[in-house]
Structure formats: C-alpha cells, structure tokens
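Peer 1: The following block contains a protein sequence and its predicted model.
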Amino acid sequence: MIEVDVALGDRSYRVLVGAGARHRLLEVLPVGARRAAVVTQPGIDLSVDPGVEHRVFTMPGGEEAKHLGTVEDLCRDFATWGLTRADVVVAVGGGVVTDTAGFAAAVYHRGVPVVHVPTTLLGQVDAAIGGKTGVNLPEGKNLVGAFWQPEAVLCDIEALATLPPREYRSGLGEMAKYAFLGVDHLPDLPLDEAVAACVRCKADVVAADEREGGGRAVLNYGHTLAHALETAGGYDLRHGEAVAIGLVYAAELAHRLGRIDADRVGEHRRVLAGYDLPMRVPGGLDGDQIVDLVARDKKAVDGVTFVLDGPRGPEAVRVDDRALLLGTLEALR
Ligand code: GLY
C-alpha cells in the first residue's frame, strides 16, 4: 500500500493507494466514532465494512443528483438515524458522491468527519483529494460548497478494474494534466504508482495553498476551455475528455503567446494520444459562444484567466486578446 500525506497542520490526513485499500477503513475512522453513514450511488459495486454500526444511504444516480436537494435529503436521513458529530460519513463512489456527501458532512451538525473511498480514476487522482466539496446550481456547476478536508482517502485500485472504458479514459484526461505539473514518466508507471504520483502532486499543491489563494489554480490546467465545452453541452463529452481538449488548447495558446516552444506542444499531444484522448474542439458550436462561456467561468477572477505553461511551468495568466482565443480555437477544429 502506498501512503501519501496531505500536510495541512491539524487537518492533515493520509491517502492510501493500492489494491484492497478499502479494507483499511476501520483503521482510518476518527477515534471514538460509533456510527458510520455510508453514502453511495446505485451501480457502485464496492462494498465497505466500517467495522462499527453503519447504514448505507443511496443517493440518486448521475451528475443530476449533485444538487442541494440531495444534501437536504442526506442530512435529514442522517438526523432520522441519529448521526452525531462524533460519528463519521463514508463516501463511496465517484466525484458526484464524494463532492455531495463531503458537502453534506461539512454542513451537517456544522461538520462531521468524512472518509472518502473514491471508486473512479478521476475521483482517485482529483475529486476526492484536497477538501473541495459542493454541489451544482441550475446557474452553474459547483457554485455552492465548502472546503472540508477528509479524515482519510482510500484509493482502492481494485475498484478501477470494473469501470466502463469511457469512464476510465475520462480519468486518464485528469491524470494527463499531472504530466505537465511535474509528474515525470507518468504513462510508464504501474497504475497504483501512477495514481499515487498524481495524489502526491495534488497533495503538495493543496498543502501550499489549501483555499486557492494562488498556486492551487494550477490544478485547473486544461479546465477553462473544458468547463466551457461542458457547459455548452450537446457534445457527449466526459469531463476528462473535455480536459484533454482543454490541455491541448492551453498548450497551443501558450505557444502562440511565445511561452512554450513547438516541442512542448508536441509533448502535450504525445501524452494525450498515448492515453487515446480527444484533442479536437468539436464542431457545431460557434467559436464566439465558446469564448463567451470561457469568460463567464467562475474561476475567471479578472478578465479571461487561463493556466498556461511557460518557462516556470504552468501558472495563471490573463489573456485579453479575443481574436487570439478564437483563432486558437478554430485551429483545433
Ligand atoms: N480539482 C481542482 C482542485 O481540487 O483544486
């Protein structure tokens, strides 16, 4: 089992990565927890045994379930069962489950401990690590949430064996991001080591900037265009696939701005191609509309902010040249 520490002072925790990590649940429960509310979704075929009295709460399926109504339902179920702040929530599932159950844990009784058991590659390398929890509003994704660090995260590699191929590939899109945030030889590593390397990278970034005052923004590499493509909808794009297109877009943009050379753009393409990820902006939607959506992204604090590669590695850069944004987009059709 590989252990990675997320160093956050008295909120520090361990991430265990490896086959069978879920069996370490009892060991990572908070001291004194008498009950565990296990939150999951239909179709998640991973059973956990918290080793204390527990009850399974199954929230509805799909990304559509990630809304405030589900948080209310979970909190009411916890209250009916008698869950207290001395107990624990265990989230077993993909990012929808860990984000929603994590937020319910953050607000129920003003905060109960949560342990995440992410069952998707995307969850293991990103969503379950770092304490971002939250739900969507009709007005946009992840608009309501809280920073609520888990007690521990158990990344059980066995859970990935049964993922549908497209779901797995979507996780590879998020994994590919880390190849440009300083994780070397990622495609050559065995799966557990690759997941652990991504977790270690994210843990370091989060430890340095827990609440995204600055440096944590690099974790959004590739995400600015990705969010716009996902919001535009109608493309049947998974998150990680949209991130892959966003990564190649960000690389092309950085090249056009003179921040990186053609070889580095080629490196982006090679990593993404190695994971069989898409690299073209889907036709159909007007480029102006995509750029408008990019400008509305909630992470755009001032103007259009992209994470762009450069001599110091990826960093947040403001880009005001609309013609450049559009031209780069059209070049990737
Ligand atoms: N998924 C980006 C972050 O956790 O900051």
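Peer 2: Structure received. Numbers count the residues shown, from 1 in each chain.
Peer 1: After the helix or strand Thr305 falls within, which helix or strand is next?
Peer 2: Secondary structure from DSSP states H and E places Thr305 in strand 304-308. Going down the chain from strand 304-308, the next helix or strand is strand 315-319, by DSSP H and E.
Peer 1: where exactly do the strands run in the protein?
Peer 2: 2-6, 13-18, 35-40, 53-58, 88-93, 114-118, 132-137, 140-147, 152-156, 304-308, 315-319 (DSSP state E).
Peer 1: can you tell if the second one touches the ligand?
Peer 2: No - where contact is defined by C-beta under 6 Å from any ligand atom, no part of strand 13-18 touches the ligand; the two come within 13.4 Å at best. From N, CA and C alone the C-beta is placed, and that goes for glycine too.
Peer 1: For that strand, enumerate the helices and strands it packs against.
Peer 2: Strand 13-18 sits against strand 2-6, strand 152-156, helix 191-208, with contacts defined as 3 or more C-beta pairs under 8 Å, 6 or more residues apart in numbering; DSSP states H and E.
Peer 1: run the last query once more with 10 Å
Peer 2: With contacts taken as 3 or more C-beta pairs under 10 Å, 6 or more residues apart in numbering; DSSP states H and E, strand 13-18 sits against strand 2-6, helix 25-28, strand 114-118, strand 152-156, helix 191-208.
Peer 1: Now mean pLDDT too, for the ones you listed, in TSV please.
Peer 2: Formatted as TSV, these follow (pLDDT from 0 to 100):
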stretch	mean pLDDT
strand 2-6	98
helix 25-28	98
strand 114-118	98
strand 152-156	98
helix 191-208	98
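Peer 1: what's the closest of the ones you listed to the ligand?
Peer 2: Each of those was scored for nearness to the ligand using C-beta to the nearest ligand atom, and the closest is helix 191-208 (7.0 Å).
Peer 1: circling back: save the helices and strands packed on strand 13-18 as a markdown table, and put in distance to the ligand too.
Peer 2: Below are the helices and strands packed on strand 13-18 laid out as a markdown table (distance: least, C-beta to the nearest ligand atom, whole Å):
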| stretch | distance to the ligand |
| --- | --- |
| strand 2-6 | 11 |
| helix 25-28 | 21 |
| strand 114-118 | 13 |
| strand 152-156 | 13 |
| helix 191-208 | 7 |
